[in-house]
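>>> everything below, folded, please.
(one chain, ligands or ions: 3)
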Amino acid sequence: MSEERLRIAIQKSGRLAEESVELLKNCGLTISRGRDTLYGRVQEMPIDVLLVRDDDIPAFVADGACDIGVVGENVAEEDRLAGARETPAELVARLGFSRCRLMLAAPKEWAWNGPASLEGKRIATSYPGLTRRFLAAAKVKATPVMMKGSVEVAPRLKIADAVCDIVSTGATLDANGLRPVATVFESEAVLIRNPASFGPAKQTIFEAFMKRVEGVMASREAKYVMMNAPRSAVPAITEVLPGAEAPTVLELAGGGDRVAIHAVCRESVFWTTLEKLKRLGASAILVLPIEKMMA
Ligand SMILES: Nc1ncnc2c1ncn2[C@@H]1O[C@H](COP(=O)(O)OP(=O)(O)OP(=O)(O)O)[C@@H](O)[C@H]1O
Ligand SMILES: O=P(O)(O)OC[C@H]1O[C@H](OP(=O)(O)OP(=O)(O)O)[C@H](O)[C@@H]1O
Ligand SMILES: [Mg+2]
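Ligands and ions are numbered 1, 2, ... in the order given. Have a look, this model is predicted:
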């Protein structure tokens, strides 16, 4: 019998591709691709990687061609809204990269008076489901015009009056004489899974993989903070440290009133945090990155 393997779909090239591979790498997984550019095998765990167009990922995962996938939440949600599948893929984790917004954008010369300005207009988009949902909530009647790419050129070509497209810096809209007017959906990369339950062998691989993903996500913001401070300041310092559990308090050589405090902070440690610690009497403050973390 062939060994059970978990199959993950990631984008072959594009805005998600590099960081999807990076996520696997941070999970301690390397992909050996050989001569096949569409298919890779992970060395360290029984996992296969399929490198595909991002639009295909929700369908592959929902239909079981792949067990899990990394895709933009915008694409996953649009697929769910299309309602083409009995049981769509399930969202299992937000991954914190490829952050972007699906936005309505109108020609710069338009006087924008809120969504009502779109009444009776044609809106070019690759996301007709999300666009329709927004229009319905705003009680506006407008027609989405489906375009697979280069949506921003539609108003210039008179194919549509406005667009609903992905925006990050806004440079693409600006270059096409458009300006963002309303946010339709906030997105980031997400991990999705096939909704049917996995057999025991696949479930074991899935859980081991998810433990690593959760470890990577947890350690991304987390820092190990060390400092010396008066013993009496320990409670106040614990309050200031963001997302820290009970810190470790250690005696310093030679005794005295000052102690060493070590803590894992699960949220960002800013310069303002260090300034507060200093005011509480802390000195020799060190903030170190954490490479891996497992509860
Ligand atoms: N400018 C951006 N900044 C950040 N994230 C983005 C940006 N543009 C798109 N994304 C996110 O990355 C996903 C993939 O975008 P990309 O432009 O690579 O798609 P694509 O051209 O459809 O790729 P493919 O060739 O795989 O079909 C989008 O669905 C969105 O979630
Ligand atoms: O607000 P900006 O920073 O300009 O980013 C937005 C653009 O980025 C994406 O396209 P991408 O550059 O990935 O090319 P694509 O059209 O081939 O998908 C997206 O489809 C927008 O066109
Ligand atoms: Mg695509």
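
>>> I figured Val145 hits Ile123, correct?
Yes. Taking contacts as C-beta atoms under 8 Å, Val145 lies within contact range of Ile123: 6.6 Å. Every residue, glycine included, has its C-beta placed from N, CA and C.

>>> where in the protein is pLDDT low?
Within the chain, the ranges that satisfy pLDDT under 70 run 1-2, 36.

>>> Val264 - how many residues pack around it?
18 (other C-beta atoms under 10 Å).

>>> could I get the helix or strand encompassing it in CSV with only the CA atoms?
Applying DSSP states H and E as the criterion places Val264 in strand 258-265. The C-alpha trace of strand 258-265 is given here as CSV (Å, rounded to 0.1, in the frame of the first residue of the first chain):
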residue,chain,number,x,y,z
ARG,A,258,18.0,44.3,41.4
VAL,A,259,16.9,41.2,39.6
ALA,A,260,16.9,39.9,36.0
ILE,A,261,13.5,39.6,34.3
HIS,A,262,13.0,37.3,31.3
ALA,A,263,9.7,37.2,29.4
VAL,A,264,8.2,36.0,26.1
CYS,A,265,6.1,38.8,24.6
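
>>> can you name the residues in contact with that strand?
With contacts defined as C-beta atoms under 8 Å, 6 or more residues apart in numbering, strand 258-265 is touched by 222-231, 234, 237-238, 241-245, 247-252, 282, 290, 293.

>>> how about stretch 81-99 and ligand 1, touching?
Yes. For stretch 81-99 and ligand 1, the contact criterion (C-beta under 6 Å from any ligand atom) is met by Ser98.

>>> repeat for stretch 34-47
No. Stretch 34-47 lies out of reach of ligand 1 by C-beta under 6 Å from any ligand atom, never closer than 12.4 Å.

>>> show me the contact partners of that stretch.
3-8, 12, 24, 28-33, 48-52, 205, 208-209.

>>> re the thing from before, may I see the ChimeraX selection of the buried members of the contacts of strand 258-265?
Entered in ChimeraX, the line below selects the buried ones among the contacts of strand 258-265, by 16 or more other C-beta atoms under 10 Å:
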select :222,223,225,226,227,229,230,234,237,241,242,244,247,282,290,293
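
>>> now intersect the contacts of strand 258-265 with the helices, please.
234, 237-238 (DSSP state H).

>>> next, format the residues you listed as a markdown table and append distance to ligand 1.
Listed next are the ones in helices among the contacts of strand 258-265 as a markdown table, based on distance: C-beta to the nearest ligand atom, whole Å:
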| residue | distance to ligand 1 |
| --- | --- |
| Val234 | 42 |
| Ile237 | 38 |
| Thr238 | 37 |
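
>>> from these, which single one is nearest ligand 3?
Thr238 (47.3 Å; C-beta to the ion).

>>> would Thr273 count as being in a helix?
Yes. Counting by DSSP: H, G, I helix; E, B strand; the rest coil, Thr273 is located in a helix.

>>> which bits of the chain sit near ligand 1?
11, 14-16, 53-55, 72, 74-75, 98, 100, 166, 168, 187.

>>> tell me which of those fall in helices.
74-75.

>>> nearest spatial neighbour of Gly64, chain-adjacent residues omitted?
Leaving out its chain neighbours, the residue that sits closest to Gly64 by C-beta to C-beta, 6 or more residues apart in numbering is Asn194, at 5.1 Å.

>>> what's the one you found in contact with, if anything?
Contacts of Asn194 (C-beta under 8 Å, 6+ apart): 61-62, 64, 66-68, 89-90.

>>> before we move on, what about Lys202?
4, 6, 67.

>>> at 6 Å what do you get?
Shown in contact with Lys202 (C-beta atoms under 6 Å, 6 or more residues apart in numbering): 4, 6.
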